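1. structure here, sequence nowhere to be found:
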């Protein structure tokens, strides 16, 4: 990954910090808004955005996808 030292979910423009059910910010995880919500097995279940760690990364990373300043 030469030239992608900041290739982490936390530095991606599609990374969304989110509150847990207790309305507190999760320090080391967030939601990936690049990928669509994941469908759930039950017909009455809602789709869920993928939960990622701040240090995770994926193959979609490019310099253009870094978070806006």
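-> Cool, got the structure. Please read all numbers here as calculations on a predicted model, not as lab measurements. Numbering: from 1, shown residues only.
2. please, where are all the strands along the chain?
-> 15-19, 25-32, 51-53 (DSSP state E).
3. quick one: these as a markdown table, columns for mean neighbour count and mean pLDDT too.
-> Yep, even glycine has a C-beta here, placed from its N, CA and C like the rest. Formatted as a markdown table, the strands of the chain follow (neighbours: other C-beta atoms under 10 Å; pLDDT from 0 to 100):
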| stretch | mean neighbour count | mean pLDDT |
| --- | --- | --- |
| strand 15-19 | 14 | 81 |
| strand 25-32 | 15 | 81 |
| strand 51-53 | 16 | 90 |
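4. residue 45: how many residues sit nearby?
-> 9 (other C-beta atoms under 10 Å).
5. follow-up on the earlier one: residue 45: which of the strands of the chain is closest?
-> Among the strands of the chain, strand 51-53 comes nearest to residue 45, with 15.7 Å by C-beta to C-beta.
6. quick check on residue 7: phi, psi?
-> Main-chain dihedrals, residue 7, degrees, to the nearest 10: phi -80, psi 70.
7. right, and it touches residue 57 too?
-> Yes: using C-beta atoms under 8 Å, residue 7 is in contact with residue 57, at 4.7 Å.
8. picking up where we left off before, any chance of the strands of the chain in CSV, with distance to residue 64 too?
-> CSV is the format used below for those (distance: least, C-beta to C-beta, whole Å):
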stretch, distance to residue 64
strand 15-19, 14
strand 25-32, 17
strand 51-53, 19
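9. tell me which of the ones you listed sits nearest to residue 41.
-> strand 51-53 (17.3 Å).
10. and the closest one, which strands flank it?
-> Taking DSSP bridges as the criterion, strand 51-53 sits next to strand 25-32 (antiparallel) in its sheet.
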